[in-house]
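In: From the sequence below, what's the structure:
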Amino acid sequence: MREIELKVGRGVCRIFVEPGLLQRLHEILPAVLRVSDIRRPAGLVIDGNLRKWARPLEKVLRRVGLDPVTVIVPSGEPSKAMTRAETICRTFARARLERGSPIFGFGGGVVGDLAGFVASIYMRGVPFYPIPTTLLAQVDASIGGKTALNLPEGKNLVGTFQQPAAVFIDPLLLFSLPKREFVSGLAEVVKYGVIRDEDLFAFIEKNVQDVLKRGPRVLEEIVARCVRIKVDIVRRDERDRGRRAILNYGHTIGHAIERAGQYRRYLHGEAVSIGMEAEAVIAMQMRLASLEVVAAQNRLLRACGLPTRMERASRDAVLRAISHDKKVLDGRARFVLPERIGRVCTGVEVPEEVLLEALDTVTR
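Out: From the prediction side, this is the model:
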């Protein structure tokens, strides 16, 4: 088992990565839970597509002395809403969850965001333990302490910072993902290679067939490497005031594409993949990156089975969505743009005509 520690402030988040970890969770939890957590009611938030796991997880929690209160939430972005968070808080309040009661989140990024947000505000903050079940959540969303909810005006506009007490990552859970959802998560893996780790980028290229076959060893390797990259970035900039911005590569346009498609046309990773393509084109147009960089990224995204073009849609809708992005400052969107594989620059203002040309390039 690989254990990676994220130390920020006075706290430590312990991140465990191991194929088959879920089968040993009852052995690991006693060493992770605070003594004061035992014999308390505990919250358990589960994605609706994973309801079959409710009883096995409840059994594990009871085995270590907790009394689980389970909430099953519908899958999909609409669950990341203030009304849903309030419903969960009220359920936990009626069940008499206390100030030290831990909350567990079992699911992908939506459940991680929602359960993490609830844990950060319930009783002014209780311990949170995500168990991410998607590739996107394992390599990115579950690490770093960000939580987020959506508003009608835009994605992730409401949120908090609260580091999990521990994160439990079992790459074998990825075998149950539909192919499209697994491939979608690879966009974030490729992103890490582009923004920070040229060797990881090359490793994915070399082993792309094993990755797509979901070989346990290669999955463990790429998940652990991505986690270590994010841990290093978050350690230096927990509150997203500087260097952590590099994690937004592909997301400014990606989030806009998601919103323009009403969160139904594209999965998050698919939209990010198209966003990375567009933002690489912008970097080339602004003479920050060469054609070879754009081509290398495009080649790997396509090898992973990810889209780099979007269906023709209202360009104005994408532009309006960008204007609501949380990274907008003084009414202008700031972009993360690649300079080479393994290095990006942040806070770049992009002329509207360059942005429009890039959007035209990625529209078929």
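
In: my guess is residue 247 meets residue 196, correct?
Out: No: with contact defined as Cβ atoms under 8 Å, residue 247 does not count as touching residue 196 (9.2 Å). All C-beta atoms are positioned from the backbone trio N, CA, C, and that covers glycine.

In: Show me whatever sits in contact with both of those two.
Out: Taking Cβ atoms under 8 Å, 6 or more residues apart in numbering as the criterion, residue 247 and residue 196 both touch residue 233.

In: Settle it for me: which of those two has more neighbours?
Out: Legend: neighbour count by other Cβ atoms under 10 Å for residue 247 and residue 196, higher for residue 247 (26 against 22).

In: ok, now how distant is that one from residue 57?
Out: As judged by Cβ to Cβ, to the nearest Å, residue 247 and residue 57 stand 29 Å apart.

In: Residue 336 now?
Out: 37 Å.

In: Residue 289 falls within a helix, correct?
Out: No: assignment of residue 289 by DSSP: H, G, I helix; E, B strand; the rest coil gives coil, placing it outside any helix.

In: Chain neighbours aside, what residue packs nearest to it?
Out: Spatially, and ignoring its direct neighbours in sequence, residue 289 is nearest to residue 283 (3.9 Å; Cβ to Cβ, 6 or more residues apart in numbering).

In: tell me, how many neighbours does that neighbour end up with?
Out: Residue 283: 26 neighbours (other Cβ under 10 Å).

In: and the residue sitting nearest the centre point of the chain, what is it in contact with?
Out: By Cα atoms, centre = their mean, the chain has its centre lying nearest to residue 141, at 2.4 Å. Residues in contact with residue 141 (Cβ under 8 Å, 6+ apart) are 108, 109, 112, 113, 132.

In: what comes up buried for the helix or strand of the chain with the lowest mean pLDDT?
Out: Here the helix or strand of the chain ranked lowest by mean pLDDT, DSSP states H and E is helix 315-323, holding a mean of 81. Using 16 or more other Cβ atoms under 10 Å as the test for burial, helix 315-323 gives 318, 319, 321, 322.

In: okay, the angle between the helix or strand that it is followed by and helix 315-323?
Out: Per DSSP states H and E, the first helix or strand lying C-terminal to helix 315-323 is strand 334-340. Taking axes from the mean of the first three to the mean of the last three Cα atoms, to 10 degrees, one finds that strand 334-340 is oriented at 100 degrees with respect to helix 315-323.

In: circling back: centre of the chain versus the least confident helix or strand of the chain, how much separation?
Out: Mean C-alpha position of helix 315-323 versus that of the full chain (Cα atoms, centre = their mean, to the nearest Å) differs by 23 Å.

In: just to revisit the earlier point, is the residue nearest to residue 289 in a helix, a strand, or coil?
Out: Secondary structure of residue 283, per three-state DSSP, is helix.

In: roughly how far apart are it and residue 337?
Out: Relative to residue 337, residue 283 is positioned 4 Å away (Cβ to Cβ).

In: Excluding residues flanking it in the chain, which one is nearest residue 128?
Out: Nearest non-adjacent residue to residue 128 (Cβ to Cβ, 6+ apart): residue 119, at 3.7 Å.

In: For the helix or strand that contains that neighbour, buried residues please.
Out: Using DSSP H and E, the element containing residue 119 is helix 109-121. Within helix 109-121, the residues scored as buried using 16+ other Cβ under 10 Å are 109-121.
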